[in-house]
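Enquirer: here is my input, please return the structure:
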Amino acid sequence: MKSLYAFLVLFAVATAGYGQNQSNVSAGIDVGTGFQQYAWGPSVLYHEEIGFNKAPWLKFGLGIRGWGYYGGRTNLFTKDENNYLEYGDVSANGLSFVIGANISFWRIDLGVNTDLAGLSFGSKRHGYYEKTTTAPGIGEPYYNTWLATSPVLVNALPLALKNYNGQSEAYARIHITRNIGIKLGYVYGQIAYATKKIDGNKVLLDDRQRRFYNTYGMPYAALSFAISD
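Expert: The predicted structure is shown next:
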């Protein structure tokens with residue numbers, strides 16, 4: 001995870017020249033974390049925003065986010081929420097392309113952003129498939145057993161679609177100086193796992209699903225560094 005964050009910092013520095021050559025483009029990097037009692041979600045976000053001469057207070061942007069999520073006891077559900085796996089803890093790391101928008105007044109930016117697509121990875125974890133029923137389904141061989149799973153690798157639009165990893169933010173970025181600020185907000189995310197194959201065969205639950213998810217939300221705080229303006 002540390003190597004991923006280091007890569008993002010180097011990427012931000014390498015691309016700073018682009019932002020400096022565009023009078024209506026600003027760029028920066030946010031380093032922070034979401035936090036709650038039994039989970040936390042660190043992230044590094046490199047972002048570039050472009051404004052309009054006739055509406056300089058409105059900006060749209062793109063970025064790259066390196067993120068992590070580390071949580072305690074969690075149940076992950078299939079899409080129909082009729083089946084689930086129980087975990088002692090969950091974790092995932094990812095790299096995502098981000099889209100966002102903000103409005104500015106005085107020294108404050110109010111904005112939102114969300115992951116468009118990305119990759120995620122993490123340790124293999126075992127989830128317990130607790131199931132008792134009088135009408136067994138395709139998942140019967142795995143009832144009341146521990147199943148090997150890992151984070152879903154390829155992700156898209158996690159704010160809108162189930163079974164994908166990623167994050168979204170609503171925030172206020174407060175500029176203390178020209179180049180340094182603080183960012184306070186709320187992170188809404190999704191954590192998603194998939195079963196590992198056994199002897200080359202997919203492991204499916206009763207609804208023929210092998211992916212499971214849950215959502216989370218937490219307060220967020222970060223330091224913001226302007227690269228260009």
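
Enquirer: tell me which helix or strand comes right after the helix or strand containing residue 181.
Expert: Residue 181 belongs to strand 180-195 when elements are defined using DSSP states H and E. Scanning forward in sequence from strand 180-195, with DSSP H and E defining helices and strands, the next element found is strand 211-228.

Enquirer: and that next one, how far out from the chain middle?
Expert: Here strand 211-228 is found 7 Å from its chain centre; the criterion is Cα atoms, centre = their mean, to the nearest Å.

Enquirer: what do you get for stretch 57-72?
Expert: Remark: stretch 57-72 is offset 7 Å from the chain centroid, using Cα atoms, centre = their mean.

Enquirer: where does pLDDT dip in this protein?
Expert: Low-confidence segments of the chain, defined by pLDDT under 70, are located at 1-23, 228-229.

Enquirer: what segments of it are helices?
Expert: Assigned helices in the chain, in chain order: 2-14, 16-20 (criterion: DSSP state H).

Enquirer: tell me the angle the strand holding residue 181 makes with strand 211-228.
Expert: Counting by axes from the mean of the first three to the mean of the last three Cα atoms, to 10 degrees, strand 180-195 lies at 160 degrees to strand 211-228.

Enquirer: so which bits of strand 180-195 are buried?
Expert: 181, 183, 185, 187, 188, 189, 190, 191, 192, 193, 194, 195 (16 or more other Cβ atoms under 10 Å). Heads up, the C-betas are built off the backbone N, CA and C, glycines and all.

Enquirer: one more: stretch 141-161?
Expert: By neighbour count, with 16+ other Cβ under 10 Å as the criterion, the buried positions of stretch 141-161 are 142, 147, 149, 150, 151, 152, 155, 158, 159.
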